[in-house]
Structure formats: structure tokens, C-alpha cells
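Peer 1: curious how this folds, go ahead:
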Amino acid sequence: AFNAAVYLLNTRFLMTLAENVQAPPRAKQKLRFAVQQMVDAASPANFLVTNPEAQQKILETKGESLTQGVLQMLNDMRKGRISQSDESAFEVGKNVATTEGAVVFENSLFQLLQYKPLTETVHARPLLLIPPCINKYYILDLQPDNSLVRYAVEQGHTVFLVSWNNPTASLGHLTWDAYIEDGAIKSIHVVQEITKQKQINALGFCVGGTILSTALSVLSARGEKPVASITLLTSLLDFSDTGIIEVYIDEAQVAMREKAIGQGGLMPGADFASAFSSLRANDLVWNYVKANYLKGERPPAFDLLYWNADSTNLPGPMFCWYLRNAYLENNLKLPGKLTVAGERLDFSKIAAPTFIYASREDHIVPWTSAYASTGLLNPEKPDLNRFVLGASGHIAGVINPPKKNKRSYWSNDQLERDAQAWFDGATEHPGSWWTEWAGFLASHAGQKIKAPRKFGNAAFRAIEPAPGRYVKVKAE
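Peer 2: Here you go, the predicted model:
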């Protein structure tokens with residue numbers, strides 16, 4: 001009790017000092033973050049000599065818990081990361097990412113999956129999902145009862161999904177332009193060719209939404225209007241405020257990355273995982289130090305944390321371009337500032353009905369920043385935009401199936417210039433935002449037609465069953 005009291009007193013003192021330092025906002029945020037990391041690490045519960053629960057367990061198990069904890073720590077040291085779940089309990093394609101489908105196209109950058117219909121008729125316009133390339137796609141298809149992929153299929157949509165390759169050294173030269181031209185744009189064109197539809201519906205999740213929007217801007221500059229609607233889930237187009245991630249973004253850090261991998265090489269997935277875990281260190285680091293090492297408890301089988309640990313690399317040139325032009329300089333939102341795939345970027349020229357979703361407690365994509373997309377898309381026809389705010393965080397807010405009847409969401413048909421003004425006029429609804437999205441999507445999906453019996457077509461034949469090979473590649 002004495003150790004805990006002294007720790008809490010010192011923590012309050014140090015955090016108060018950090019809060020009262022006179023400094024620019026970003027410098028102050030970095031200071032607060034550094035102090036928070038220090039006080040989190042210094043908690044008496046993180047050390048065997050000051051953790052009475054761990055000591056009691058050693059006595060109860062006659063030392064077995066300590067032995068098990070040391071073995072688990074050594075195993076994690078070999079892996080280079082802390083185990084957050086029982087990874088032996090899951091296998092991609094066996095008990096995660098199990099929605100039936102096939103790979104109907106592939107290049108070195110991605111595989112395109114097409115899913116088997118679950119209804120006799122489907123909407124004429126297909127749905128293309130573009131997930132983030134910094135994680136595996138199967139967060140959208142974890143289990144049948146929480147799969148956004150399966151939900152969309154059950155709603156009568158022909159669903160396609162981009163499964164990004166996990167780059168090895170041979171792909172370390174790829175650029176942002178490649179992800180746009182050979183990734184998003186190629187996937188759009190293949191879906192159009194397979195379904196014989198001039199327009200499709202497209203969804204982008206997190207950085208997948210940034211990639212999708214960039215691709216649609218490029219296509220607009222080329223005179224193409226390939227989408228009937230856009231859905232953006234926890235995505236940023238305006239990077240003015242990127243929340244706590246800003247502690248890792250400044251000129252010195254970006255320049256360091258550019259010097260190391262800007263001309264070729266890989267941004268290791270392990271570095272991403274460590275950085276994101278540090279943003280919630282008590283939950284994602286020290287919680288497991290106490291449970292796994294000090295108490296010798298085995299990590300539970302948890303599909304979400306299994307996915308979280310299944311990290312991906314990124315090509316250095318692509319990552320550095322994104323880091324500088326999005327997070328550091330916020331150039332993406334400026335009309336005509338950047339040239340991508342030979343075209344000047346201008347999000348205002350995309351012109352398509354857009355459903356924008358954000359999570360209220362998202363620490364990676366602040367909801368007010370996601371809301372800023374309403375001012376960049378369809379500026380001359382703002383009524384084409386719809387914004388919905390869900391409860392919870394970056395992942396839990398998105399993966400909220402209606403059957404579980406959890407959480408809530410807010411809607412307000414009157415878009416305001418200011419995000420808080422929008423929220424003040426919003427109405428809270430119990431349950432999942434998925435039903436709201438389903439209505440939006442159906443209104444842009446066209447008439448019902450007979451569901452396709454086969455995957456792909458004569459030009460794009462099925463290559464292998466879903467989930468395909470690329471999603472199974474582990475980060476080196």
C-alpha cells in the first residue's frame with residue numbers, strides 16, 4: 001500500500017509538471033507522452049518485488065508460476081514482441097478469415113478476392129473493400145458473427161476485397177504511386193470487368209480510405225467516374241490533427257526514415273506494432289508483463305489480438321512519401337499540390353455520394369479529423385455526404401455487428417462546418433451503425449439480378465480459394 005501511494009503521488013506530481021510546462025502544443029504533447037511512458041513503466045505492479053499478487057501466486061504454485069513466466073518471457077524475447085494472445089489457437093483460413101470465396105486476380109502487390117453469394121439475387125453493382133495495407137485484411141472477416149465481409153454478402157452484395165501482399169525485400173522499391181495505380185485503380189478496373197458494371201460501390205478502411213480517395217481523384221482527373229458511392233471508415237484525408245500519433249512525427253524523424261529506407265528497403269511491421277502498442281502502454285504492454293511474466297499466466301485465445309500481432313511490412317519509399325505528404329506536411333488535402341500517378345490530386349473533383357464513419361474514442365484517427373473529410377468531398381453538393389459517429393475506438397467501433405446489439409452511434413443529416421456543432425445537434429441511436437450503412441449502400445447498389453454462380457469470368461478465372469496466399473505471409 002505504501003509503495004502504491006508513493007507511486008500515485010509521484011505520478012500526479014510529474015504529470016502536473018508536464019501539463020504546466022510552457023511550450024508549443026506539439027512539444028507539450030511529446031513531453032506528456034514521454035512522462036506517461038515513464039510513469040507507466042515505473043508502476044510497482046510491473047516488478048516482482050513490489051507486486052504482492054505475483055508473489056502470492058509463486059507461493060501457491062510452489063514456484064511454478066515464476067518458472068512459466070520466465071519461459072514465456074524468453075520465448076517473447078526470441079520473437080521480439082510480447083505475446084498478447086494464444087497464437088497457436090488460430091490459423092488464417094481455418095478459424096479466422098473463413099468467409100467462402102476465391103482469388104480472381106493477383107499481381108505482386110495484392111490479391112483480389114471475390115466472395116460467394118449467400119442470396120439468390122444480388123444488387124447489380126458490386127462492392128469493393130480496400131482495407132489498410134499496414135494490417136492484414138481479416139479484421140473485416142474475423143469470425144462469421146462479427147464479419148463485415150459476411151454481413152455485406154448477406155445483404156445481397158457481390159463483394160470483392162483487396163488482400164495486400166506483405167512486402168519482402170523484393171518489393172522494397174514500391175512507391176505510393178504503385179499502391180494507387182497497381183493497387184487500388186487496378187482492383188477497381190478488374191471488378192468493373194468481371195461484373196460488367198460501369199460503376200461500383202467502394203469502401204476504404206483507415207489508410208485504405210486514403211488510398212481509395214487518392215485513386216478516385218486520379219481517375220477523376222482522367223475523366224473516369226467508376227464509383228456510385230464511397231464509404232470511408234475511420235479514414236483521414238485532412239491530417240491537421242492526427243492525435244497522439246503526432247508524438248512520432250516531426251521533420252527529424254521523417255528525415256531519418258527517408259535517409260534509411262526512402263530509396264528502397266522495408267518499414268518493418270514489428271516497428272509499427274511497437275509504436276501502436278506504446279500509445280496504450282498500460283493495456284498493450286504492461287498488462288501482459290504482469291500477467292504473462294510475473295504471474296506466469298498463459299495468454300488467452302483472442303482473435304482480435306491474434307490479428308493485432310499479425311503485422312505487415314511496408315515498402316520504404318511508399319511509407320516515407322505517405323509519412324511526409326500526409327502526416328508531416330498535410331499536402332493531400334491541398335488541391336493541385338501533389339502529383340500521383342501522373343495526375344494532380346483534388347479530392348473535390350471525385351463527386352460521388354459518400355458515407356463517412358468515425359469512432360468517438362478513436363486514438364489513431366480522431367473523429368473530428370475524419371469529419372473534416374465532409375469539407376473536402378463534394379464541396380459543391382454537400383448533401384451527397386453522410387457522416388455517422390460510432391461509440392468506442394478505432395477497431396471496436398468499426399467491428400460492431402447488429403446481432404450483438406452493442407454500443408450506439410450518432411447521426412445528424414445537417415452537416416456543419418464545425419465537428420462539435422454537428423455532434424451537438426446529433427441524435428444517439430442504440431446498437432450498430434452497420435444498419436445505417438446498409439441502407440445507404442443499398443440505395444446506390446442498383447437493381448437486383450441473379451447471383452453469379454461462378455467466381456470471376458472467362459478473363460479472370462479463380463486462382464485459389466479465399467483467403468489466398470498473400471494474407472498468410474508473415475512479416476520478416
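
Peer 1: quick check: closest non-adjacent residue to Ile463.
Peer 2: Closest residue in space to Ile463, ignoring its immediate chain neighbours: Val103 at 4.4 Å, by CB to CB, 6 or more residues apart in numbering. Using the backbone N, CA and C atoms, a C-beta is placed for each residue, glycine as well.

Peer 1: same check on Phe440?
Peer 2: Spatial nearest neighbour of Phe440, excluding adjacent residues (CB to CB, 6+ apart): Phe355 at 4.8 Å.

Peer 1: which residues in the stretch 351-476 of the chain form strands?
Peer 2: Using DSSP state E, counting those that start in this stretch, the strands of the stretch 351-476 of the chain run over 354-359, 385-390, 408-411, 427-430, 448-450, 464-465.

Peer 1: and the protein, what are its domains?
Peer 2: As assigned by automatic domain parsing, the chain contains the domains 2-88+286-304, 101-248+313-472.

Peer 1: returning to that earlier point: in contact with the residue nearest to Ile463, which residues?
Peer 2: 111-113, 163, 462-466, 468-469 (CB atoms under 8 Å, 6 or more residues apart in numbering).

Peer 1: mind putting those residues into a markdown table with neighbour count, distance to Lys57 and pLDDT?
Peer 2: Formatted as a markdown table, the contacts of Val103 follow (neighbours: other CB atoms under 10 Å; distance: CB to CB, whole Å; pLDDT from 0 to 100):
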| residue | neighbour count | distance to Lys57 | pLDDT |
| --- | --- | --- | --- |
| Gln111 | 25 | 46 | 99 |
| Leu112 | 24 | 50 | 99 |
| Leu113 | 29 | 45 | 99 |
| Ser163 | 24 | 43 | 99 |
| Ala462 | 15 | 53 | 98 |
| Ile463 | 16 | 51 | 98 |
| Glu464 | 12 | 47 | 98 |
| Pro465 | 13 | 45 | 98 |
| Ala466 | 25 | 43 | 98 |
| Gly468 | 25 | 43 | 98 |
| Arg469 | 14 | 43 | 98 |
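
Peer 1: which one of those is nearest Arg222?
Peer 2: Leu112 (20.9 Å; CB to CB).

Peer 1: ok, now how distant is the residue nearest to the closest one when sequence neighbours are not counted from Leu128?
Peer 2: The shortest distance from Leu112 to any non-neighbouring residue, by CB to CB, 6+ apart, is to Phe105 (4.1 Å). Using CB to CB, to the nearest Å, Phe105 is found at 12 Å from Leu128.

Peer 1: pretty sure the residue nearest to Ile463 sits in a strand.
Peer 2: Yes: judged by DSSP: H, G, I helix; E, B strand; the rest coil, Val103 forms part of a strand.

Peer 1: tell me which of the strands of the stretch 351-476 of the chain lies nearest to Ala260.
Peer 2: Once these are compared by CB to CB, strand 354-359 is nearest, at 32.6 Å.

Peer 1: which secondary structure elements does that closest one contact?
Peer 2: strand 227-233, helix 367-371, helix 373-376, strand 385-390, helix 434-442 (3 or more CB pairs under 8 Å, 6 or more residues apart in numbering; DSSP states H and E).

Peer 1: ok so, going back, and the residue nearest to Phe440, how many neighbours?
Peer 2: 22 (other CB atoms under 10 Å).

Peer 1: and for Ser108?
Peer 2: 12.

Peer 1: confidence score at Glu476?
Peer 2: We have a pLDDT of 69 for Glu476.

Peer 1: for Arg26, same thing?
Peer 2: 89.

Peer 1: now it. Nearest residue, chain neighbours left out?
Peer 2: Glu246 (6.0 Å).

Peer 1: which residues touch the one you found?
Peer 2: 26, 29, 327 are the contacts of Glu246 under CB under 8 Å, 6+ apart.

Peer 1: again with Ile130
Peer 2: 161-162, 184, 187, 202-205, 208-209, 211-212.

Peer 1: out of those, which comes closest to Val254?
Peer 2: Ile211 (19.5 Å).

Peer 1: was I right about the closest one contacting Cys133?
Peer 2: Yes: using CB atoms under 8 Å, Ile211 is in contact with Cys133, at 7.2 Å.

Peer 1: and for the two, which residues touch both?
Peer 2: 179, 183.

Peer 1: please identify which helix or strand holds the residue located most distally from the centre of the chain.
Peer 2: Residue farthest from the centre of the chain, counting by CA atoms, centre = their mean, is Lys62 at 43.6 Å. Secondary structure assignment for Lys62, by DSSP states H and E: no helix or strand.

Peer 1: ok, the most centrally placed residue in the chain to Cys133 distance?
Peer 2: In the chain, the residue lying closest to the centroid (CA atoms, centre = their mean) is Cys206, at 4.5 Å. Going from Cys206 to Cys133 by CB to CB gives 9 Å.

Peer 1: so who does Phe105 touch?
Peer 2: Phe105 touches 111-112, 186-187, 190, 456, 460, 463, counting by CB under 8 Å, 6+ apart.

Peer 1: list the buried residues in the strand or helix carrying Val6.
Peer 2: Assigned by DSSP H and E, Val6 falls within helix 2-19. Burial within helix 2-19, assessed by neighbour count using 16 or more other CB atoms under 10 Å, is assigned to 7, 11, 18.

Peer 1: ok, residues contacting it?
Peer 2: Residues contacting helix 2-19 (CB under 8 Å, 6+ apart): 28, 31-32, 35-36, 38-39, 42-44, 50.

Peer 1: got those as CSV, with secondary structure, distance to Lys333 and neighbour count columns?
Peer 2: Output for those, formatted as CSV (DSSP: H, G, I helix; E, B strand; the rest coil; distance: CB to CB, whole Å; neighbours: other CB atoms under 10 Å):
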residue, secondary structure, distance to Lys333, neighbour count
Lys28, helix, 25, 15
Leu31, helix, 28, 16
Arg32, helix, 27, 16
Val35, helix, 32, 18
Gln36, helix, 30, 20
Met38, helix, 35, 12
Val39, helix, 36, 20
Ala42, coil, 40, 13
Ser43, coil, 40, 19
Pro44, helix, 46, 16
Thr50, helix, 49, 14
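
Peer 1: for those, which one is nearest Arg257?
Peer 2: Looking across the contacts of helix 2-19 and measuring by CB to CB, the closest to Arg257 is Leu31, at 22.3 Å.

Peer 1: now do the contacts for the closest residue to Pro117 other than its chain neighbours.
Peer 2: Nearest residue to Pro117 in three dimensions, chain neighbours excluded: Ala451, at 3.7 Å (CB to CB, 6+ apart). Going by CB under 8 Å, 6+ apart, Ala451 touches 117, 119-122, 158.

Peer 1: Phe378 and Ser369, how far apart?
Peer 2: No, residue 378 isn't Phe; it's Asn. Asn378 is 18 Å from Ser369, by CB to CB.

Peer 1: er, Ser240 actually
Peer 2: 7 Å.

Peer 1: point out where this protein drops to low pLDDT.
Peer 2: For the chain, the stretches with pLDDT under 70 are 476.

Peer 1: no further queries at this time; thank you.
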